[in-house]
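A.B. asks: this is a predicted model, with the sequence first.
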Amino acid sequence: MTPEDKKLLKQQQEEKERRKQEEKRRKEEEEYTKQRDNDDIFQSWWSKKREQKKEQQKQEDQERKKNGNHEKKYRRDQQDEGSGDHLNDSDDDEEAKEIEEAYNNWLKTKSRQVREEKLLKRRQEKEQTDGFIIRSRTDCDQAFRGWLKRKNLEAKRHRQEEKQLARMHRLAARKTRKSLALAKAIKQSNAFKYVDYYGYRF
């Protein structure tokens, strides 16, 4: 390897390492941004959910009031003011548990979406690295459906050919059995004639 080749190889390795570091830094920034956006989105979603829950509770209270139960509930609440702190703590624990469960479910959904996006991105990067043409997800889906349709048609045609071949084998076997039966009948008939022939001699 000439000195020029060594120098060029070193430059290529340095450039590759630089791109690798930039890609790593970019991914870290994307992860941080996604996490922050996810938290903001969840907080917004949870606030809306709480508002919906409050509105639903308000409608239920109005409905109970119409049915004459509101006053009874009010008196019962007044009597239970002494234990209100305990109830509030219980409500807070229940709400915290509900928030955690909702966040975990939401996070699972987002994680699945992120995995799918990463998988698609890696596939596109591999296509770009290998020199292939990068296609959109829609084009890939259409190409896959077309390939699947062709495979199904080929499988159907193959099954039809096998069915036709099996039918031909059955017909050939049936014909062979008939030929053997006919040959056997002819042989037996000739045997009877032979016996009869010698029988008439006596």
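C.D. replies: Received it, and whenever you're ready, just let me know what you need.

A.B. asks: and Arg157, how far from Lys178?
C.D. replies: To Lys178, Arg157 is 31 Å away according to Cβ to Cβ, to the nearest Å. No exception for glycine: its C-beta is placed from N, CA and C like everyone else's.

A.B. asks: could you report the neighbour count for Lys65?
C.D. replies: 13 (other Cβ atoms under 10 Å).

A.B. asks: same thing with Trp46?
C.D. replies: Neighbour count for Trp46, taken as other Cβ under 10 Å: 15.

A.B. asks: check which helix or strand it maps to.
C.D. replies: Per DSSP states H and E: Trp46 is located in helix 3-66.

A.B. asks: pLDDT averaged over that helix, what's the number?
C.D. replies: Across helix 3-66, the average pLDDT comes to 82.

A.B. asks: who are the packing partners of that helix?
C.D. replies: helix 70-79, helix 84-130 (3 or more Cβ pairs under 8 Å, 6 or more residues apart in numbering; DSSP states H and E).

A.B. asks: least reliable of these by average pLDDT, please.
C.D. replies: Here the lowest mean pLDDT among the helices and strands packed on helix 3-66 goes to helix 70-79, at a mean of 56.

A.B. asks: give the buried residues for stretch 178-192.
C.D. replies: Buried residues in stretch 178-192, counted by 16 or more other Cβ atoms under 10 Å: none are found.

A.B. asks: distance from that stretch to the middle of the chain?
C.D. replies: 65 Å (Cα atoms, centre = their mean, to the nearest Å).

A.B. asks: check stretch 1-16 too.
C.D. replies: Between the centre of stretch 1-16 and the centre of its chain there are 45 Å (Cα atoms, centre = their mean).

A.B. asks: pull the CA atoms of that stretch into PDB?
C.D. replies: Output of stretch 1-16 as PDB, limited to C-alpha atoms (Å, rounded to 0.1, in the frame of the first residue of the first chain):
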ATOM      1  CA  MET A   1       0.000   0.000   0.000                       C
ATOM      2  CA  THR A   2       1.400   3.300  -1.000                       C
ATOM      3  CA  PRO A   3       1.700   6.300   1.300                       C
ATOM      4  CA  GLU A   4      -1.100   8.000  -0.600                       C
ATOM      5  CA  ASP A   5      -3.300   5.000  -0.100                       C
ATOM      6  CA  LYS A   6      -2.600   4.900   3.600                       C
ATOM      7  CA  LYS A   7      -3.400   8.600   3.900                       C
ATOM      8  CA  LEU A   8      -6.600   8.100   2.000                       C
ATOM      9  CA  LEU A   9      -7.600   5.100   4.100                       C
ATOM     10  CA  LYS A  10      -6.900   7.100   7.300                       C
ATOM     11  CA  GLN A  11      -9.000  10.000   6.100                       C
ATOM     12  CA  GLN A  12     -11.800   7.600   5.300                       C
ATOM     13  CA  GLN A  13     -11.600   6.000   8.700                       C
ATOM     14  CA  GLU A  14     -11.600   9.500  10.400                       C
ATOM     15  CA  GLU A  15     -14.600  10.600   8.300                       C
ATOM     16  CA  LYS A  16     -16.400   7.400   9.200                       C
END
